[in-house]
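# Predicted model and sequence below, questions to follow.
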Amino acid sequence: MSVSEKPSLTILMGAPRGFCAGVVRAIEIVELALERYGAPVYVRHEIVHNRYVVEDLERKGAIFIEELDELPDGDRPVIFSAHGVPKSVPAAARQRNLFYLDATCPLVSKVHMEAERHHERGLQIVMIGHAGHPEVIGTMGQLPEGAIILVETPEEAESFEPRDSSKLAYITQTTLSVDDTREIVEILHRRFPNIVGPHKADICYATTNRQEVVKEMAPRCDMLLVVGAPNSSNSQRLVEVAKKSGCARSMLVQRAHEIDWSKVGGVRTLGITAGASAPEVLVEEVVAAFRERFEVALETIETRKENVSFKLPRELRQAAAQ
Ligand code: SF4
């Protein structure tokens, strides 16, 4: 097909998109650990929810496991993923004298500390989040069983019965939909006027900013693609936010070869963004696939600049400086 025969397509690129500071830090921890301690380095759970990132680190010498039982005895380091772990995990590592590095995002650790503080004050905690997500398992695992009640939906927020309605606090998963969470928080405040909570919610800056730009883009798009993995909570939320904001044809795509071209018919304006664990190289791959088929005009929709970065664990700071 010659250039002139290609149909034209405007692509709106969301900004900010893709990697957040917690993901950058987690990947750097694995790479620096490989440099400093040599291969193999073990990683408990996908370091961040993205197959491309995981496979890249595997090629460099990382071995991914789900539980510490899979780890052979010896002196190999083990790294805990960005999502955080229940307290029982570092405790088990210490018991086996394992050397571990914690890549938990500092914004997740902050929620762990909030939960501890509430618990020390004798408050029962409501956690707004999704059952089974590693972050939720990690946060709930900071405290004894029963100290935290998980609430996933407005219906559950309406119906759960706390131990003592005057001694309640709430925390949230960091990667939720800002709007859906607000609805649940409003229900909690109505039912329990004394409930203690964070100033807004614990939803992190990266999740908030990526949703904000999607809200801006979606009404202009015939179709919107979120580059990200199905097990990435913040990527899934971006698809939901895009649909609610006016772009019914919004979907997740992991790699360019997954694009269902039969669904692209009639699209004049396409939105592209990426979840916090999706590398920019995958976004570029998707744009390139559209360039092969369309005469593309790119436009950036930027709602905010980000300049967040987090410190590395002490053990690796020197390696990073070198
Ligand atoms: Fe941290 Fe937010 Fe990134 Fe999760 S999405 S790793 S909480 S900055």
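Sure thing, it's come through. Numbering: from 1, shown residues only.
# rest of the way, CA atoms for contacts and neighbours
OK.
# For the closest residue to Ser235 other than its chain neighbours, list the residues it contacts.
Excluding the flanking residues, the one nearest Ser235 by CA to CA, 6 or more residues apart in numbering is Gly275, at 4.4 Å. Taking CA atoms under 8 Å, 6 or more residues apart in numbering, we find Gly275 in contact with 17-19, 210, 226-228, 232, 234-235, 238.
# At the contact with the ligand, which residues of the stretch 201-322 of the chain appear?
Neighbours of the ligand within the stretch 201-322 of the chain, by CA under 6 Å from any ligand atom: 204, 206-207, 276.
# For my notes, confirm Thr10 occurs in a strand.
Yes: counting by DSSP: H, G, I helix; E, B strand; the rest coil, Thr10 is found in a strand.
# Break down the stretch 1-150 of the chain into its strands, ranges please.
8-15, 41-44, 62-65, 78-80, 100-102, 124-128, 148-151 (DSSP state E, counting those that start in this stretch).
# By mean pLDDT, flag the weakest helix or strand of the protein.
The helix or strand of the chain with the lowest confidence, counting by mean pLDDT, DSSP states H and E, is helix 314-321 at a mean of 83.
# And for it, what's in contact with it?
Taking CA under 8 Å, 6+ apart as the rule, helix 314-321 contacts 29, 32-33, 35-36.
# so who does the closest residue to the ligand within the chain touch?
Closest approach of the chain to the ligand (CA to the nearest ligand atom) occurs at Gly22, with a separation of 3.8 Å. Counting by CA under 8 Å, 6+ apart, Gly22 makes contact with 82, 104-107, 309-310.
# List the buried residues of the least confident helix or strand of the chain.
For helix 314-321, burial by neighbour count (16 or more other CA atoms under 10 Å) applies to Leu316.
# And stretch 213-225, by the same measure?
Judged by neighbour count using 16+ other CA under 10 Å, the buried positions of stretch 213-225 are 213-225.
# now the contacts of Gly275 as JSON lines including distance to His199 and pLDDT?
Converted to JSON lines, the contacts of Gly275 look like this (distance: CA to CA, whole Å; pLDDT from 0 to 100):
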{"residue": "Arg17", "distance to His199": "25", "pLDDT": "98"}
{"residue": "Gly18", "distance to His199": "26", "pLDDT": "98"}
{"residue": "Phe19", "distance to His199": "25", "pLDDT": "98"}
{"residue": "Arg210", "distance to His199": "20", "pLDDT": "98"}
{"residue": "Val226", "distance to His199": "29", "pLDDT": "98"}
{"residue": "Val227", "distance to His199": "31", "pLDDT": "98"}
{"residue": "Gly228", "distance to His199": "29", "pLDDT": "97"}
{"residue": "Ser232", "distance to His199": "25", "pLDDT": "95"}
{"residue": "Asn234", "distance to His199": "21", "pLDDT": "95"}
{"residue": "Ser235", "distance to His199": "24", "pLDDT": "96"}
{"residue": "Leu238", "distance to His199": "23", "pLDDT": "98"}
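# That concludes my questions; thank you for your assistance.
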